[in-house]
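**Student:** Prediction below, plus the sequence it came from.
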Amino acid sequence: MTKRAFLKAAIVGFGLVSESGRSSAQPSLSAGFMAPGEFEPQEYIWLSWIEKGSLGSAPFSDVALDVMRAITPHVKVRLMYSNLTAEDPSYFGPYRLAQPDAEARLRASLESERVDMSRVELFYYAQPFGAIQDPGPYFLRARDGRLAIADYRFDHPDRRTEEMDRNIADTLGLPTVKSDLISEGGARQVNGSGTLLLVEAVELSRNPKLGRDAIEAEHKRVHGARNVVWLKQGPADEAWGRLPDGKWGIGTGGHVDVFARFADARTILLAEVSERQRSTDPMLLQTHERMEENFRVLSKARDERGRPFRIIRVPVPDTMTAKLPYDSLSREERSWFEGAKPGDTVEFYLPGGYLNFIIANGVVVTAKFWRLGLSETLRTTDKLARSALERAFPKRQIIQVDVLPLIYDGGGLHCHSRNQPFAVPGQH
């Protein structure tokens, strides 16, 4: 189970499920739908509003504000919010505003920040959940324009969180395509034409009783995919648990949205470690070896029509770490650091990257990591990443935002968002 899967609080609201966790989702379908590419026209971008951060970071909502300012000129936003406030002692704190008061408070806050509320729809849920990419609504589309939502299993101890996707499907009046496969949204990337990227290290660990062929066949059924490209592993600092160097990893274990993304149906962006980085940093040397293995796979791969892909390399930032006293962590946060004990100081990797971006019609929102006082090499990789994305998306604006609160959660911009395509392909 990934940290993103295990530690996010359960959804209850939208009027979706009862406190008992029962759902009244639409009947499940079997086939006939395909997942559109995120570079296609989008009707909504779903974001989450969490007035708290992880491991002592600033609130996730600070980043959500920057993202909304960047994307609302290009796409409408569906913003998921809860009735917890910044004053709560933890995600599971007992203090809650009544839902109407929580909505009024959020609306007033967004208006004071000059967010264009004509482009934002507020969706209430009773408990906060930040990285909605993984359990959230993964939209599929039929040729006649009907939408559905893929209902994969999500490995989480709270049933209500596992049911998030089908609960939202029920609210939106959409059918589901049900699967017993365990799979998170960030673990899959598609080109919208029948090709699907998966990662062996992720898919096999989530479904240890299934072989690669069985996993591939089920993903093809759900996605309507005809072609699957299997990558090997994600970046080394994306690992979970205590690592050989004594530091902890808090990442996803190798989600593809961290290191390989489609810019269009035949262009794949792949992370690349520089010679300087791999010669000075053992962790980045491991990442380099993994990315070059993935590059060899992609160089030999073909799309659903038998054509080679165009591969554009995008730099990675230098590794970043943070230290915190174990005693300062909440009960939930302590569970991230198995083996640590009271009195210890825990040091952990902040898994950053530029490919965990949001594509929102005319704009791509990606990360920046340099802040005053940090290494100039981070400022350099920020600039190089922007240039690479400008080449990959020549007709879209590239906007970089500070994502530090999100990487303290082991995620990024894409992790904290979901794309919802137009029902009719090409509509905008």
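**Tutor:** Looks like it came in fine.

**Student:** switch to C-alpha atoms for all contacts and neighbour counts from now on
**Tutor:** OK.

**Student:** Let me know how buried Leu181 is, in neighbour terms.
**Tutor:** 18 (other C-alpha atoms under 10 Å).

**Student:** what does the one 4 residues further on give?
**Tutor:** The number of residues packed near Gly185 is 23, by other C-alpha under 10 Å.

**Student:** residues contacting it?
**Tutor:** Counting by C-alpha atoms under 8 Å, 6 or more residues apart in numbering, Gly185 touches 133-136, 138.

**Student:** next one: Val77
**Tutor:** By C-alpha under 8 Å, 6+ apart, Val77 lies in contact with 44-47, 68, 119-121.

**Student:** before we move on, what about Thr195?
**Tutor:** For Thr195, the contacting residues are 225-229, 303-304, by C-alpha under 8 Å, 6+ apart.

**Student:** Quick check: closest non-adjacent residue to it.
**Tutor:** Closest residue to Thr195 apart from its sequence neighbours, by C-alpha to C-alpha, 6 or more residues apart in numbering: Asn227 at 4.7 Å.

**Student:** For the one you found, give me phi and psi.
**Tutor:** phi -140, psi 130 (degrees, to the nearest 10).

**Student:** That one and Arg261, how far apart?
**Tutor:** In this view, Asn227 and Arg261 are 16 Å apart by C-alpha to C-alpha, to the nearest Å.

**Student:** Tell me which of those two has more neighbours.
**Tutor:** Ranked by neighbour count (other C-alpha under 10 Å), Asn227 and Arg261 place Arg261 first, with 23 against 20.

**Student:** chain center to the helix or strand that contains that one, what's the gap?
**Tutor:** Per DSSP states H and E, Arg261 falls inside strand 260-264. Relative to its chain's centre, strand 260-264 lies at 14 Å (C-alpha atoms, centre = their mean, to the nearest Å).

**Student:** got a list of contacts for stretch 148-159?
**Tutor:** Residues outside stretch 148-159 that contact it (C-alpha under 8 Å, 6+ apart) are 1, 5-6, 9-10, 21, 33, 134-135, 137-141, 161-163, 165-166, 169, 174-184, 222.

**Student:** Can you give me the neighbour number for the nearest residue to Arg141 once chain neighbours are set aside?
**Tutor:** In space, and not counting its chain neighbours, Arg141 is closest to Leu147: 4.5 Å by C-alpha to C-alpha, 6+ apart. Each residue near Leu147 was counted by other C-alpha under 10 Å, and the total is 23.

**Student:** Model confidence for Leu147, exactly?
**Tutor:** Leu147 is assigned 95 on the pLDDT scale.

**Student:** I figured it was touching Ala423, is that so?
**Tutor:** Yes - Leu147 is within contact range of Ala423, at 6.0 Å (criterion: C-alpha atoms under 8 Å).

**Student:** Name the residues contacting each of the two.
**Tutor:** Contacts common to Leu147 and Ala423, judged by C-alpha under 8 Å, 6+ apart, are Arg141.

**Student:** Could you list the low-pLDDT ranges of the stretch 51-200 of the chain?
**Tutor:** Applying pLDDT under 70 to the stretch 51-200 of the chain flags the ranges 85-95, 126-128.

**Student:** So which residues of it form helices?
**Tutor:** 60-71, 99-112, 159-162, 164-172, 200-206 (DSSP state H, counting those that start in this stretch).

**Student:** TSV for these, including distance to Gly412 and mean neighbour count?
**Tutor:** As requested, the helices of the stretch 51-200 of the chain are exported to TSV (distance: least, C-alpha to C-alpha, whole Å; neighbours: other C-alpha atoms under 10 Å):
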stretch	distance to Gly412	mean neighbour count
helix 60-71	10	20
helix 99-112	22	14
helix 159-162	20	21
helix 164-172	20	23
helix 200-206	18	18
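
**Student:** closest to Gly411 out of the ones you listed?
**Tutor:** Closest approach to Gly411 among these (C-alpha to C-alpha): helix 60-71, 10.8 Å.

**Student:** still on that earlier bit, may I ask which two of the contacts of Val77 are separated the most?
**Tutor:** Going by C-alpha to C-alpha, the pair spanning the contacts of Val77 furthest: Leu47 and Arg119, at 12.7 Å.

**Student:** Looking at these two now, which is surrounded by more residues?
**Tutor:** Using other C-alpha under 10 Å as the criterion, Leu47 and Arg119 rank with Leu47 on top: 29 against 16.

**Student:** Identify the bridge partners of the more buried one.
**Tutor:** Leu79, Ser417 (DSSP bridges).

**Student:** so what's it up against?
**Tutor:** The contact partners of Leu47, taken as C-alpha under 8 Å, 6+ apart, are 64, 77-80, 132, 416-418.

**Student:** Which of those residues sits closest to Ser54?
**Tutor:** Among the contacts of Leu47, His416 lies closest to Ser54 (C-alpha to C-alpha), at 13.4 Å.

**Student:** The closest one touches Ile132, doesn't it?
**Tutor:** Yes - contact criterion C-alpha under 8 Å: His416 and Ile132 qualify, at 5.3 Å.

**Student:** Find the residues that touch each one of the two.
**Tutor:** 47-48.

**Student:** Give me the mean pLDDT for stretch 360-368.
**Tutor:** The average pLDDT within stretch 360-368 is 98.

**Student:** next one: it to chain centre, how far?
**Tutor:** Stretch 360-368 sits 14 Å away from the centroid of its parent chain (C-alpha atoms, centre = their mean).

**Student:** And the strands in the stretch 301-428 of the chain, which stretches?
**Tutor:** 310-315, 321-325, 345-349, 358-360, 363-368, 397-402, 417-421 (DSSP state E, counting those that start in this stretch).

**Student:** which secondary structure elements does the last one contact?
**Tutor:** In this structure, strand 417-421 makes packing contacts with strand 42-48, strand 138-141, judged by 3 or more C-alpha pairs under 8 Å, 6 or more residues apart in numbering; DSSP states H and E.
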